[in-house]
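*Asks:* Sequence below, structure please.
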Amino acid sequence: MNPLQSLPVVYALLLVDIAANWHVSPEELLADFGLTREMLLNPQGRVSLETFNSLIIKASHLTQEAGLAIYFGQKMQISMHGFVGFAALTAANAREAVAIAERFVGMITNVVGLRLDEGEGNGDEAILYVDANTELQPLRDVAILAVMFGFAHMGTVATGKVIGGRAEVDFAPPLYIEPLLPFLPGHIVFNQSVNRLVFKREYLDLPLVMANPVASQIALAQCEQELQRFGLEQPFITRVKALMFEEVQGFSTLEYVASRLSMSERTLKRHLAKHNITYSDLVDEARKQKALDLVADSQRNLDDISEYLGYSDMANFTRAFKRWTGHTPSAYRKL
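*Replies:* Numbering: from 1, shown residues only. Below you'll find the model as predicted:
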């Protein structure tokens, strides 16, 4: 079964256990799919997205509870996510845990993608984007809500602090949502252009109650092996370059990129050395390409470009640009 088009059976098991609260037996829910509750206990088992989508539809029908996504998110446990969950649970802080989830979510499924941005929020806010990669309904909307409220619930468990925020989703409010609003860990806004969770940036610095660097590294090593087995690994340099452009202005520090890759600065330097390149080399190369693109736009103010690229003053930017091209930025525009 294609791992990108499937889910670990543990998620189907959670759905079965939730439906049991409405007196729906596992046999009644699973009968049409050739599954039993015992089969869902297989740690290596997976179920197709189409089957899981049909399970959601049937569970909603049998329970007469359309809001199963909310319950799914509230009942979700970090341990359900295998080595990814264990690596996140034993990370040093919430920032590292989110970075692990962002990097390895594809091992679980491609139903959603995650992207953390600490630069776009207003002042003290951070944003977790939840990208939906399926049009199967109700699976798509269920997954978005479950991930958002699951993150809030699991964050509270992992840090020992109440985690809340504002959820923004790109679909209309479902009929079932009104009576559930008082029980949600934050405000939810519908009919938005993107799906994202907005929360206090300070939450990312919260230490995790089960932080264990040795255990986390062991779990991360297993996650890396699984990525390779699934064929999901991106070239290392490509991943580093992608992280450089996550900041709103300037370029990410070595420390920031290392933390997003769930490794120490020393380990990151060692990996780069294997490719015969340094982080400074990559930053210089990226700045050059960005500078060429921005300077080519005659509507852009050169001082603003210099500041955006992280230079302390225009003179330093001019020297770097002349080193790259043999011309000053203003002369380059006239070519």
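
*Asks:* Quick one: residues contacting Leu181.
*Replies:* Ile188 (Cβ atoms under 8 Å, 6 or more residues apart in numbering). C-beta here means a position set from N, CA and C on the backbone, and glycine is covered the same way.

*Asks:* ok, Met314 touching Ser306?
*Replies:* Yes - counting by Cβ atoms under 8 Å, Met314 sits close enough to Ser306 to count as a contact (5.0 Å).

*Asks:* Mind checking which of the two has more residues around it?
*Replies:* Remark: of Met314 and Ser306, Ser306 carries more neighbours, 22 against 14, as counted by other Cβ atoms under 10 Å.

*Asks:* And the helix or strand containing that one, what's buried?
*Replies:* Taking DSSP states H and E as the criterion, Ser306 maps to helix 302-308. In terms of neighbour count (16 or more other Cβ atoms under 10 Å), helix 302-308 has its buried residues at 302, 305-308.

*Asks:* Count the residues that sit near the nearest residue to Leu220 once chain neighbours are set aside.
*Replies:* What sits nearest to Leu220 in space, not counting adjacent residues and going by Cβ to Cβ, 6 or more residues apart in numbering, is Ala87, at 4.9 Å. By the criterion of other Cβ under 10 Å, Ala87 has 27 neighbours.

*Asks:* mind listing what Ala87 touches?
*Replies:* Taking Cβ under 8 Å, 6+ apart as the test, what Ala87 contacts is 100, 104, 216, 219-220, 222-223, 262.

*Asks:* Serialize these to TSV and add fields for distance to Val10.
*Replies:* What follows is the contacts of Ala87, written out as TSV (distance: Cβ to Cβ, whole Å):
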residue	distance to Val10
Ile100	18
Phe104	16
Ser216	21
Ala219	16
Leu220	20
Gln222	16
Cys223	16
Ser262	23
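
*Asks:* Quick check: of those residues, which lies closest to Asp170?
*Replies:* Nearest to Asp170 among those is Phe104, at 24.6 Å by Cβ to Cβ.

*Asks:* pLDDT score for the residue nearest to Leu220?
*Replies:* Note for Ala87: predicted pLDDT of 92.

*Asks:* Can you name every helix or strand that the helix or strand harbouring Ser330 contacts?
*Replies:* Using DSSP H and E, Ser330 sits within helix 329-333. Counting by 3 or more Cβ pairs under 8 Å, 6 or more residues apart in numbering; DSSP states H and E, the packing neighbours recorded for helix 329-333 are helix 279-295, helix 302-308, helix 314-325.

*Asks:* May I see the buried residues of that helix?
*Replies:* Buried residues in helix 329-333, counted by 16+ other Cβ under 10 Å: 329, 332.

*Asks:* Show me what the mean pLDDT comes to for it.
*Replies:* pLDDT averaged over helix 329-333 gives 89.

*Asks:* just to revisit the earlier point, from the contacts of Ala87, list the buried ones, please.
*Replies:* 100, 104, 216, 219-220, 223, 262.
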